[in-house]
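S.K.: sequence and predicted model, in that order:
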Amino acid sequence: MQKKPWIIQFLQSIRFRLILLVIAISVVPGLAITMGLLSSYEDRSVALRGSEVLSQARILANQIAASDFMENKGDGNIQAQIDMLTSIYDGRVIIVDGNLKIYHDTYNLDNNKTIIAEEVIRSLGGEDMINYDSENSYIEMTIPIENPEDEDEGVIGVMLVSVSTDNIVLNQNSLQKVGTTLLVIVIAVTIFFGVLLVLYLMRPFRKLSDQIAAVQDGYGDDALQVNGSSETALICDRINEFLGRMKRMDESRQEFVSNVSHELKTPLTSMKVLADSINTMPEAPLELYQEFMQDITSEIERETKIVNDLLSLVKMDKSAADLNVAEVNVNDMIEQILKRLQPIADRQQVELVFESFRPVTAEIDEVKLTLAITNLVENGIKYNRTDGSGWVHVTLNADHQYMYIKVEDCGIGIPEDALDHIYERFYRVDKSHSREIGGTGLGLAITRSSVLMHRGAIKAHSVLGEGTTFDVRIPLNYIA
Ligand code: ADP
């Protein structure tokens with residue numbers, strides 16, 4: 001695998017993602033709380049200021065209505081109250097008469113001008129209006145001046161009051177500064193401890209990775225051990241199981257290689273001994289030469305058989321995709337097998353019988369399954385009685401799903417404790433006997449692989465001294 005630059009590795013790591021999560025968890029709520037508090041502070045302060053000014057303005061409007069201020073500005077008391085209102089709230093008061101003409105302006109800017117504004121007209125109808133302009137930071141309100149004595153005359157004017165909210169904005173700004181500072185401190189502290197926590201939590205994974213790398217580099221065969229969390233412990237267990245399996249596979253491969261070497265060496269050693277013997281006897285009679293050469297030939301045949309069996313086994317070990325599946329008449333296939341083995345059976349004086357309960361066709365790899373059944377029948381012949389009363393029965397049956405092939409003999413049988421091992425490569429119950437009759441110890445391993453490639457099953461049943469039965473079950477339709 002190509003090594004990525006460290007920065008990419010870091011960006012793709014769980015560590016980085018957790019750190020991002022910590023930052024998001026601390027920054028987002030912090031920001032939301034600060035913004036929320038600041039905006040609610042502004043709303044509340046403006047509402048409070050508005051109602052405060054409005055109530056004062058109403059009182060003033062009533063006083064104006066009760067006095068003769070609208071006819072004669074000379075009333076110093078009213079004038080003083082208006083000035084107080086404007087100076088306390090840093091505002092401006094405009095008084096408009098019933099003809100929309102500005103009667104009094106504390107800024108003295110618009111005296112005697114006519115004002116046509118929706119709010120003023122509505123207040124002339126008797127309504128109070130209040131408005132907040134957040135952009136220019138002021139509150140504006142219009143209050144009707146109603147004549148309390150003369151109901152017919154009704155509203156005699158409107159008082160327009162606008163007060164600045166600059167000090168609210170100033171307060172808000174300084175609050176914002178404090179809030180931002182606090183927020184930055186909280187975020188920094190959270191990130192600091194969050195990052196520490198993330199690094200602490202991720203430590204077992206790093207340890208695990210280091211230990212796996214050590215095993216990969218071949219340092220120590222010890223089981224991995226990381227006491228971090230139940231998750232890392234679980235990963236450790238799984239890896240240890242996997243390593244155990246790999247170790248067993250490796251051992252079995254080593255054993256296989258050493259077995260192969262040994263098996264291949266034995267005929268070669270025999271040949272060398274035979275050849276050396278002839279070489280040391282230059283005067284030996286021709287018959288002796290011929291006898292030795294015959295022995296050498298049979299050793300060569302044996303070597304060839306082992307190599308052929310090994311090649312078959314290697315083919316079987318490949319993936320099931322290598323199966324050459326076709327619709328095959330199984331009755332014909334078994335008849336062919338028995339026909340080919342008949343001369344060997346005759347030589348051993350073993351009777352071969354085939355019994356079929358029904359015609360069977362199945363989706364199989366004919367070559368591979370032929371090899372499997374041939375090995376079973378051949379074993380039945382090889383490990384049989386030698387007194388001429390031996391037999392091997394092959395039966396074929398099927399249901400809607402499977403076909404069943406049974407190979408039964410009346411031979412020497414297999415001891416119970418050996419039954420579990422007969423499918424192992426090079427395993428032989430009696431090594432010298434098997435070797436004598438030309439066994440390589442690979443036949444049943446080949447058979448089993450072939451059956452498993454067909455998604456089938458094989459079972460052996462044996463009674464020592466009475467005989468052995470192999471039951472093979474293969475699905476009629478190939479399961480990919
Ligand atoms: P081999 O080439 O030695 O026959 P196999 O893998 O075919 O190797 O069989 C493994 C061993 O199982 C044989 O060596 C033999 O001891 C035993 N075995 C297999 N089939 C039979 C059988 N039908 N009767 C008795 N023993 C058998």
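M.R.: Ah, there it is. Numbering: from 1, shown residues only.
S.K.: host element of residue 406?
M.R.: According to DSSP states H and E, residue 406 maps onto strand 402-409.
S.K.: mean confidence for that strand?
M.R.: In this model, strand 402-409 has a mean pLDDT of 98.
S.K.: next, see if that strand gets close to the ligand.
M.R.: Yes: judged by Cβ under 6 Å from any ligand atom, strand 402-409 and the ligand are in contact via residue 409. Yep, even glycine has a C-beta here, placed from its N, CA and C like the rest.
S.K.: strand partners of that strand, parallel vs antiparallel please.
M.R.: According to DSSP bridges, strand 402-409 forms sheet pairs with strand 390-398 (antiparallel), strand 467-475 (antiparallel).
S.K.: quick one: which of the ones you listed is nearest residue 273?
M.R.: strand 390-398 (34.0 Å; Cβ to Cβ).
S.K.: would you mark the buried spots in the closest one?
M.R.: 390, 391, 392, 393, 394, 395, 396, 398 (16 or more other Cβ atoms under 10 Å).
S.K.: need the contact partners of that strand.
M.R.: 330-331, 334, 338, 345, 348-358, 360, 362, 373, 377, 380-381, 384, 403-411, 476 (Cβ atoms under 8 Å, 6 or more residues apart in numbering).
S.K.: give the buried subset of those as a ChimeraX selection command.
M.R.: Typed into ChimeraX, the line below selects the buried ones among these, using 16+ other Cβ under 10 Å:
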select :330,334,338,345,348,350,352,354,356,360,362,373,377,380,381,384,403,404,405,406,407,408,409,410,411,476
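S.K.: which residues of the stretch 151-300 of the chain fall in helices?
M.R.: 166-216, 230-279, 286-317 (DSSP state H, counting those that start in this stretch).
S.K.: for the ones you listed, which one sits closest to the ligand?
M.R.: helix 286-317 (7.6 Å; Cβ to the nearest ligand atom).
S.K.: residue numbers of this protein in contact with the ligand?
M.R.: 375, 379-380, 383, 409, 411-414, 422, 427-430, 434, 439-445, 468.
S.K.: longest helix in this structure, please.
M.R.: The longest helix of the chain (DSSP state H) is helix 14-66.
S.K.: what about that one, distance to the chain center?
M.R.: With Cα atoms, centre = their mean, to the nearest Å as the basis, helix 14-66 stands 46 Å off its chain's centre.
S.K.: residues in contact with the next helix or strand after that helix?
M.R.: Once the chain leaves helix 14-66, the next helix or strand it forms, by DSSP H and E, is helix 76-88. With Cβ under 8 Å, 6+ apart as the test, helix 76-88 has contacts from 53, 56-57, 60, 63-64, 67, 69, 73, 91-93, 104, 106, 161.
S.K.: farthest pair within those?
M.R.: The most distant members of those, if one measures by Cβ to Cβ, are 53 and 73, lying 22.5 Å apart.
S.K.: between the two, tell me which one has more neighbours.
M.R.: residue 53 (21 against 13; other Cβ atoms under 10 Å).
S.K.: can you pull out the low-pLDDT segments for the stretch 301-450 of the chain?
M.R.: Applying pLDDT under 70 to the stretch 301-450 of the chain flags residues 318-321.
S.K.: which stretches in it count as helices?
M.R.: Under DSSP H, counting those that start in this stretch, the stretch 301-450 of the chain gives helices at 330-348, 366-382, 416-419, 431-436, 443-453.
S.K.: pick out whichever of the buried residues of strand 390-398 sits closest to the ligand.
M.R.: Distances from the ligand to the buried residues of strand 390-398, taken by Cβ to the nearest ligand atom, are shortest for residue 392, at 8.4 Å.
S.K.: residue 385: how many residues sit nearby?
M.R.: Neighbours of residue 385 using other Cβ under 10 Å come to 16.
S.K.: ditto for residue 242
M.R.: The burial count for residue 242: 10, using other Cβ under 10 Å.
S.K.: ditto for residue 412
M.R.: 21.
S.K.: need the nearest residue in space to it, chain neighbours excluded.
M.R.: In space, and not counting its chain neighbours, residue 412 is closest to residue 383: 5.1 Å by Cβ to Cβ, 6 or more residues apart in numbering.
S.K.: so the one you found sits against residue 409, correct?
M.R.: Yes: the pair residue 383 and residue 409 qualifies as a contact (Cβ atoms under 8 Å) at a distance of 7.2 Å.
S.K.: shared neighbours, these two?
M.R.: residue 468.
S.K.: just want the angle from the longest helix of the chain to helix 76-88.
M.R.: 170 degrees (axes from the mean of the first three to the mean of the last three Cα atoms, to 10 degrees).
S.K.: okay, the angle between helix 14-66 and helix 166-216?
M.R.: Angle, helix 14-66 to helix 166-216, by the same axes, to 10 degrees: 170 degrees.
S.K.: pLDDT weak spots in the stretch 101-250 of the chain?
M.R.: If you take pLDDT under 70 as the line, the stretch 101-250 of the chain has these spans: 148-153, 219-222.
S.K.: before we move on, back to that, turn the buried residues of strand 390-398 into TSV, columns for distance to residue 226.
M.R.: As requested, the buried residues of strand 390-398 are exported to TSV (distance: Cβ to Cβ, whole Å):
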residue	distance to residue 226
390	62
391	62
392	58
393	59
394	57
395	57
396	56
398	54
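S.K.: what is the nearest of the residues you listed to residue 269?
M.R.: So of the buried residues of strand 390-398, ranked by how close each gets to residue 269 (Cβ to Cβ), first place is residue 390, at 33.0 Å.
S.K.: any idea how far the closest one lies from residue 467?
M.R.: 9 Å (Cβ to Cβ, to the nearest Å).
S.K.: overlap of the contact sets of the two?
M.R.: With Cβ under 8 Å, 6+ apart, residue 390 and residue 467 have common neighbours 409, 410, 411.
S.K.: OK, contacts around the closest residue to the first one other than its chain neighbours?
M.R.: In space, and not counting its chain neighbours, residue 409 is closest to residue 380: 3.6 Å by Cβ to Cβ, 6+ apart. Listed by Cβ under 8 Å, 6+ apart, the contact partners of residue 380 are 350, 392, 407, 408, 409, 411, 468.
S.K.: what's the answer for residue 46, then?
M.R.: Applying Cβ under 8 Å, 6+ apart, the residues near residue 46 are 132, 134, 139, 165, 168.
S.K.: need the buried ones from these selected in ChimeraX.
M.R.: Buried members of the contacts of residue 46, defined by 16+ other Cβ under 10 Å, are picked up in ChimeraX with:
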select :132,139,165,168
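S.K.: looking at the contacts of residue 46, which one is closest to the ligand?
M.R.: After measuring the contacts of residue 46 against the ligand - Cβ to the nearest ligand atom - the closest member comes out as residue 134, at 94.0 Å.
S.K.: what about residue 300, distance to residue 277?
M.R.: 17 Å.
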